[in-house]
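> Give the three-dimensional model of this entry:
(one chain, ligands or ions: 2)
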Amino acid sequence: MLSEKINKALNEQIAKEAFASSAYLAMASWCEQKGYEGATNFFYKQSEEERMHMMKIFHFVNEAEGKAISPAVAQPEHDFPSYRSVFEAALAHEKGVTKSIHELVKLATDQNDFRTLNLLQWFVDEQLEEENQIQTILDKLNLIGDNGVGIFMIDTEVGKKAAAKDPAAEV
Ligand SMILES: [Fe+2]
Ligand SMILES: [Fe+2]
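Residues are numbered from 1 along each chain as shown. Ligands and ions are numbered 1, 2, ... in the order given. Model prediction:
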């Protein structure tokens, strides 16, 4: 049985994952309109992954005899000044999510809630992976430069990353 406090915190995390899914969908839309094929596929897949994250917590809460709440989702940002800025926004967003996962770990530790801790361990690893992935893309933009040719090259790489992703296999 989940404590009320943990249940509430997990529902807040469900809402954050839902917002992340919506935010990535908006990023995919911007990239698609601009013709950045690689980033378009990358962000569509990210959006799917975030929904999987949401569902992973959602099922956990109900299986642990808690009460999972389907969240209201705020409208995300749809306008970005540049290719680079989309990835910067994505990284800033992931860092915020990492922080909230770490706060959840602390809460579950304080309450000796080992089942929730076990779930969260997966998310700790996942956050590290996601932050690294986006940081790597930003590093390449810094290295190659975000002029037309640089972006074209990097977008091709990002497209390969997207093609290798299987959101359903992630969880
Ligand atoms: Fe997530
Ligand atoms: Fe994420």
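> When you work out contacts or count neighbours from here on, use the C-alpha atoms and nothing else.
Fine.
> So which residues of the protein form helices?
Applying DSSP state H to the chain gives helices spanning 4-34, 37-63, 83-110, 114-144, 148-164, 167-170.
> Which one of the ones you listed lies nearest to Val73?
helix 4-34 (5.7 Å; CA to CA).
> buried set for that closest one?
For helix 4-34, a neighbour-count test (16 or more other CA atoms under 10 Å) marks 6-32 as buried.
> on that earlier part again, possible to save the helices of the chain as a markdown table with distance to Val73 and mean pLDDT?
Formatted as a markdown table, the helices of the chain follow (distance: least, CA to CA, whole Å; pLDDT from 0 to 100):
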| stretch | distance to Val73 | mean pLDDT |
| --- | --- | --- |
| helix 4-34 | 6 | 98 |
| helix 37-63 | 12 | 98 |
| helix 83-110 | 15 | 98 |
| helix 114-144 | 21 | 96 |
| helix 148-164 | 25 | 93 |
| helix 167-170 | 21 | 72 |
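> To Pro76, which of these lies closest?
helix 4-34 (5.1 Å).
> For the closest one, enumerate the helices and strands it packs against.
Counting contacts by 3 or more CA pairs under 8 Å, 6 or more residues apart in numbering; DSSP states H and E, helix 4-34 packs against helix 37-63, helix 83-110.
> Could you identify which of those is most buried?
Mean neighbour count (mean count of other CA atoms under 10 Å) peaks for helix 37-63 among the helices and strands packed on helix 4-34, with a mean of 21.
> Now distance to Ile154 too, for the helices and strands packed on helix 4-34, in CSV please.
Converted to CSV, the helices and strands packed on helix 4-34 look like this (distance: least, CA to CA, whole Å):
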stretch, distance to Ile154
helix 37-63, 8
helix 83-110, 10
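> so which of the ones you listed gets nearest Ile137?
helix 83-110 (7.8 Å).
> Can you check what angle separates the closest one from helix 148-164?
40 degrees (axes from the mean of the first three to the mean of the last three CA atoms, to 10 degrees).
> so how far is helix 83-110 off the chain centroid?
The chain centre lies 8 Å from the centre of helix 83-110; the measure is CA atoms, centre = their mean, to the nearest Å.
> what angle sits between that helix and helix 114-144?
160 degrees.
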